[in-house]
Structures are given as structure tokens and as C-alpha cells.
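In: Next input, structure requested:
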Amino acid sequence: MAQFFKPQPKPKQTSTLELAIDRLDLHGVGSGRHQGKTIFVEGAMPGELIKARLTDDKKQHGFAQLQKILTPSPQRQTPFCPHYEQCGGCSTQHLPLALQHETKVSGVQSLFSRLAGYELGAPEFIITGDDQRYRRVCRLAIKYDKKARRAQVGFRRRLSHDLVEVSACPVLVSSLSALIEPLRALCNQLKSFRD
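Out: Now for the predicted structure:
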């Protein structure tokens, strides 16, 4: 006889916790320990004490959304993009470039060690460019706003399907960033887009 199991949806976690961030993962996401679990918090830096809202609580680890920085890191820098806090396109502009490089190097070393049992030495050099105007590929979102009766062009909001409208992006190479406004204008001219 077959038995069918229908899993119940997990209730949304809404608990708020204070967390001391002690490290960054490969992607620049801060993590700290709470009740024996590692909690990952995007936007947090090592040395910071933060308040975060638990969004996903798993057996070995959890994920939380940054609510407030109680004690900021002296290394924290102001993001150069005016849309950084909402836009989901970038996630490490609050980190100094040297810390971003260090994080990626240690992340790759950790992966090789853990998965291949091979210890990588320190890199002889790191190929790097400017911290702005380096991205040559992007995925823009286009949405027609019925109330305003016009096309919106931008990037998805962080942790959402909503759109953050932009007129330029300081991370894109200049020639690509300059195409955002003409794309918006073109979309607004298309009759099929408005109907």
C-alpha cells in the first residue's frame, strides 16, 4: 500500500537576534554563531555586532536579513552606487576592495582544501581592475507600469521580484550603462508593449 506525504509549508521565521559577525564566506556574506548554528547575513562584515531577522532556520545553519548595525566595522565603506541598498545587482560595495580579494582567495583555498584535499598556497598575483565600470554583462528587468503608463527599466530589488528603476549603473562599463535610457525610450515607443 502506498502512503502519500504532503509536506506542510514551513512557517516564516520572524525572530530577531543580535549577532557578532566573525567571518565572510566566498561570496562576501557575513556569518556568526547563534545557539551553535552558523547564521549567514548579507551586508554584514567581520567585527560588527548586528541585529538581524531570521528568515530561514535550517538544522546546521540559518539565514537572516540585516536589520541594524549596532557596532560597525572600521573597514565599512560607503557604497558608490545610489541604488546599492535596494538593488540586487551588487552585494559587496560596503567591503573595501582588498577585503573582497582576500575573501575570494580564502574561499577558493577553502573549497580546494575541503572538496579536493589539496592545500593551495598564496596566489602569486591577483588579476584585478577598477572597482567601478568593470561589468560587461547584466540582466535588466523591464516592466510596464500601468498607473504611470510607461516602461520601467532596472534591476530586481534585493530578495524580491520587484523592480528598482535605474537610469545608469556605475558598475557597468560606460557604453552599456549609456544604453539603459535609450532602451527605456524604445520600450515606451512600442505599441505592443503598452497594450
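In: what about the most centrally placed residue in the chain, helix or strand, and which?
Out: Nearest to the mean C-alpha position of the chain, by Cα atoms, centre = their mean, lies S91 at 3.6 Å. S91 belongs to no helix or strand when elements are defined using DSSP states H and E.
In: Do you know the pLDDT at it?
Out: Per-residue pLDDT puts S91 at 89.
In: right, and K104 touches D25 too?
Out: No. Contact criterion Cβ atoms under 8 Å: K104 and D25 do not qualify, at 10.3 Å. Placement of C-beta: from N, CA and C, glycine included.
In: related to what we said a few turns ago, got a list of what the residue nearest to the centre of the chain touches?
Out: By Cβ atoms under 8 Å, 6 or more residues apart in numbering, the contact set of S91 is 27-29, 42-43, 158.
In: any idea which helix or strand carries G32?
Out: Counting by DSSP H and E, the element that carries G32 is strand 30-34.
In: in that strand, what's buried?
Out: 30-32, 34 (16 or more other Cβ atoms under 10 Å).
In: out of those, who's nearest P74?
Out: G30 (15.0 Å; Cβ to Cβ).
In: Verify the contact between the closest one and E48 for me.
Out: Yes. G30 lies in contact with E48 (Cβ under 8 Å); the separation is 7.1 Å.
In: show me where this protein has strands.
Out: Assigned by DSSP state E, the chain shows strands spanning 16-20, 23-24, 30-34, 37-42, 49-57, 61-71, 141-145, 150-156, 163-165.
In: on contacts alone, who are the packing partners of the longest one?
Out: Which is strand 61-71. Where contact means 3 or more Cβ pairs under 8 Å, 6 or more residues apart in numbering; DSSP states H and E, strand 61-71 is packed against strand 16-20, strand 37-42, strand 49-57.
In: Perfect, I'm done here.
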